[in-house]
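Peer 1: quick one, fold the following:
(2 chains)
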2 protein chains.
Amino acid sequence: MKADLIIYNAREIATMKSGSKAKCGSDMNDAGVIKDAGMAIKDGKIIAIGASSEIQQNYSWDTVIDAEGKIITPGFVDSHTHPVFVHTREDEFAMRLAGKSYVEIAMAGGGIRSSIASTRAASEEELFELAKGRIIRMIAQGTTTLEAKSGYGLNTESELKQLRVIQSLNESLPIDIIATFMGAHEFPEEYKSDHESYLKILCEEMIPAAKEQGVAEFCDIFTEAHVYSIEESRRVLSCAADHGFKLKMHADEIEAIGGAELAAELKCVSADHLGAASDAGILAMKAAGVIPVLLPATLFSLRSRTYARGRYMIEQGLPVAIATDYNPGSCNCDSMAFTMSLACLQMGLSPVEALAAATINAAHALGRGDVCGSLEIGKQADLIIWDIPSINFIPYHLGSSHISRVLKLGKTIWQEN
Amino acid sequence: MKADLIIYNAREIATMKSGSKAKCGSDMNDAGVIKDAGMAIKDGKIIAIGASSEIQQNYSWDTVIDAEGKIITPGFVDSHTHPVFVHTREDEFAMRLAGKSYVEIAMAGGGIRSSIASTRAASEEELFELAKGRIIRMIAQGTTTLEAKSGYGLNTESELKQLRVIQSLNESLPIDIIATFMGAHEFPEEYKSDHESYLKILCEEMIPAAKEQGVAEFCDIFTEAHVYSIEESRRVLSCAADHGFKLKMHADEIEAIGGAELAAELKCVSADHLGAASDAGILAMKAAGVIPVLLPATLFSLRSRTYARGRYMIEQGLPVAIATDYNPGSCNCDSMAFTMSLACLQMGLSPVEALAAATINAAHALGRGDVCGSLEIGKQADLIIWDIPSINFIPYHLGSSHISRVLKLGKTIWQEN
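Peer 2: Modelled structure (predicted):
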């Protein structure tokens, strides 16, 4: 049979095979490894995967990649990022280390307010170029599917501008970039003491406009004691659901205020952060099929002594996912491999569980579990070729990247020099 | 005047200027920044450093680098690594996460014993090629001066073999690689219950041979409850000092057994790890001028809840240095930038203090404070050009490298594509 591309001579392919479902329980620790493996790809999709010798015998091809005994995994799915902004905020990092409080940093012109002011002032072109540079780095680190949120505009014009930037990025970069509307990332300064008016703008202006312009697939909200209350979150997310948006939540990051429970009630696709989520909230999420997306690099960057209870969630049968939370303030991490290291070292996941959390379960957290996140017949040929001895090496090693090549839909989109 | 190379148009050069001394106290937090800066280089050394416009006016040149508004820092000095071995040990990382004990891992053929067996069996050429690949990665991460230890041979022949490999690496790679003899990394299996015989081999055979062959500058020992006692350490290090070796110690990593105090007594150049060092030991080190080399990536990789007290040591006036501790077992970290992130997040150093610890103070930990570690007239032009907004960005960012170019002795040895 004829393929566009075959890849042969991989020491191992970690397929992360999972059928149409996310990986749960002990299945999270099964990488579905095929040894001495290869695959055949046609029209961007995998048409065969198995023994290297059989692939070579059974398929002719236009292009061929000798994997030279390297390891293949699915491409990373980074399901929670905020890459569209102007300035990074490294000076706040230094201020936090010097013991400055949130309020002192805000008084010095820092915090999310500074990102909002500069994002509002920036042109679409400027935001596009800045975010593009950041996402190209993510691609080099193996990310082949990315979620990107708005949320530094906090008015209709600027939120839609950010979403159009994400749309342009999706069109011009070789990976899939999925847009999330997050006008409820904060209350803007001008509505700090008038939540009601901003909630109206969100529900009556922004959500309908984002829907009408077709620039976002998900709606997300920052549900936390100092930001959106449970009641406010229910109102915004219900409105978004009525407009046909799929739902995500920033839930119970610092304090358990019932965010996980609300995510279950509203059947969000995912609830993210969950650093303080209650047992009841976690079990409610499981019952409702909500995927927990854990963001350990954020708590690491904030010098937290505690992390989301990933190990407990896996033991309770939830399909844990992990993501970078790349953003200018609390977490400027662009590496899913390092996020895997943290998932292992700080949350007690095994290397294989961390890989499942960074690929197949993350794909389900974006409603893409049927097309990416694992290497199976019929799925997209989104994959990483690693120059490593085994997949345990990915979280074990700290520092330099060991990625040789990244493919999206069967095309090489990054290659080591 | 004529220079070989000028570099102009740097937004900032963080000189880390410190004269002939290591940085202590509040001076650690002074990066000696020159804005809109440039430098002139001749015969591998800095002959001028200052305002970009003045450098351009006052010097002619053979080669020129436009820094394009980027940031320049000294090259990293990684003063504690173990890069000469055969296999990485990522499977032990997975076993530790699964709750396996040190003994269970050793029973499964893991632990330092496996590195010793394979290093003894390997040819010099094989060890050279493997270590070379690892060090090339370190160079890409900005390391321009490296310390490398033996210690996986634990017999005269294999220790000397490792030291010859380090010598060959120093000759064939473009950075300075400083060799440390560490036959006292462990007791070899065959002498576990006969320390006396191995101590004799160390003192009567290995140390004299390493000296005679001129293959090492430092002698190091693993002083810890389960390895070399204080008495045994004093004996080995005293013998090494008598043979003209400069001294280092792995001291008080897990338990305070008086390692820091011994380092002070013997006037070691550095005492490394110090995770559990006592107040008295720290103050004795200060009085004796021993540099503390802290290795936060090791405790991070071992899931420690506590770290060496870097903040306290700085407050007491010690010139804290940091290093990766790159090795196959406890810490497979090759990035000094990530080590800076850990120094900030886990030990409370400021970004500038972490940079001082990774450059000028690390150079002093290798007795090289007069030639590298800071960018000053007369010192080596060992430097990194960073595509970042400020030096705070180095520890703030997690994941991809933002290094544009690495120079050693005024020659480009790594460049971004």
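
Peer 1: so where do the helices sit in the stretch 1-150 of chain A?
Peer 2: For the stretch 1-150 of chain A, the helices defined by DSSP state H, counting those that start in this stretch cover A:52-58, A:90-97, A:102-107, A:112-121, A:124-140.

Peer 1: the first one: which residues count as buried?
Peer 2: Right, helix A:52-58. By 16 or more other Cβ atoms under 10 Å in any protein chain shown, the buried positions in helix A:52-58 come out as A:52, A:55, A:56. The C-beta positions use only the backbone N, C-alpha and C, and glycine is treated the same way.

Peer 1: and the stretch 101-250 of chain A, which residues reach chain B?
Peer 2: Listed as neighbours of chain B in the stretch 101-250 of chain A under the rule Cβ under 8 Å from any Cβ of the partner chain: A:137, A:138, A:140, A:141.

Peer 1: how about the contacts made by the residue lying closest to the third one once chain neighbours are set aside?
Peer 2: Using Cβ to Cβ, 6 or more residues apart in numbering or on different chains and skipping residues adjacent in sequence, the residue nearest residue A:140 is residue A:414, 5.0 Å away. Residue A:414 is in contact with A:139, A:140, A:403, A:405, A:406, counting by Cβ atoms under 8 Å, 6 or more residues apart in numbering or on different chains.

Peer 1: now residue A:345
Peer 2: Contact analysis of residue A:345 by Cβ under 8 Å, 6+ apart lists A:395, B:300, B:301, B:303.

Peer 1: you'd agree it is in a helix?
Peer 2: Yes: secondary structure of residue A:345 (DSSP: H, G, I helix; E, B strand; the rest coil): part of a helix.

Peer 1: so how far is residue A:196 from it?
Peer 2: 44 Å (Cβ to Cβ, to the nearest Å).

Peer 1: over to residue A:299?
Peer 2: Taking Cβ to Cβ, one finds residue A:299 at 32 Å from residue A:196.

Peer 1: ok, the two, which is more surrounded?
Peer 2: It is residue A:299, of residue A:299 and residue A:196, that has more neighbours when counted by other Cβ atoms under 10 Å in any protein chain shown, with 24 against 9.

Peer 1: so that one sits against residue A:310, correct?
Peer 2: No: assessed by Cβ atoms under 8 Å, residue A:299 is found out of contact with residue A:310, at 11.3 Å.

Peer 1: give me the distance between the residue sitting furthest away from the middle of chain A and chain B.
Peer 2: Distance to the chain centre peaks in chain A at residue A:57, reaching 37.7 Å (criterion: Cα atoms, centre = their mean). Going from residue A:57 to chain B by Cβ to the nearest Cβ, to the nearest Å gives 33 Å.

Peer 1: tell me the pLDDT of that residue.
Peer 2: Confidence at residue A:57, expressed as pLDDT, is 97.

Peer 1: what does residue A:102 give?
Peer 2: Confidence at residue A:102, expressed as pLDDT, is 77.

Peer 1: next up, the contacts around it.
Peer 2: residue A:111.

Peer 1: and the gap between it and residue A:92?
Peer 2: Applying Cβ to Cβ, the value for residue A:102 to residue A:92 is 10 Å.

Peer 1: common neighbours of the two, please.
Peer 2: With Cβ under 8 Å, 6+ apart, residue A:102 and residue A:92 have common neighbours residue A:111.

Peer 1: where does residue A:370 fall, secondary structure wise?
Peer 2: Under DSSP states H and E, no helix or strand contains residue A:370.

Peer 1: related to what we said a few turns ago, so which of the contacts of residue A:414 is the most crowded?
Peer 2: residue A:406 (25 neighbours).

Peer 1: hmm, that residue is touching residue A:386, no?
Peer 2: No: Residue A:406 is not in contact with residue A:386 according to Cβ under 8 Å; the separation is 10.1 Å.
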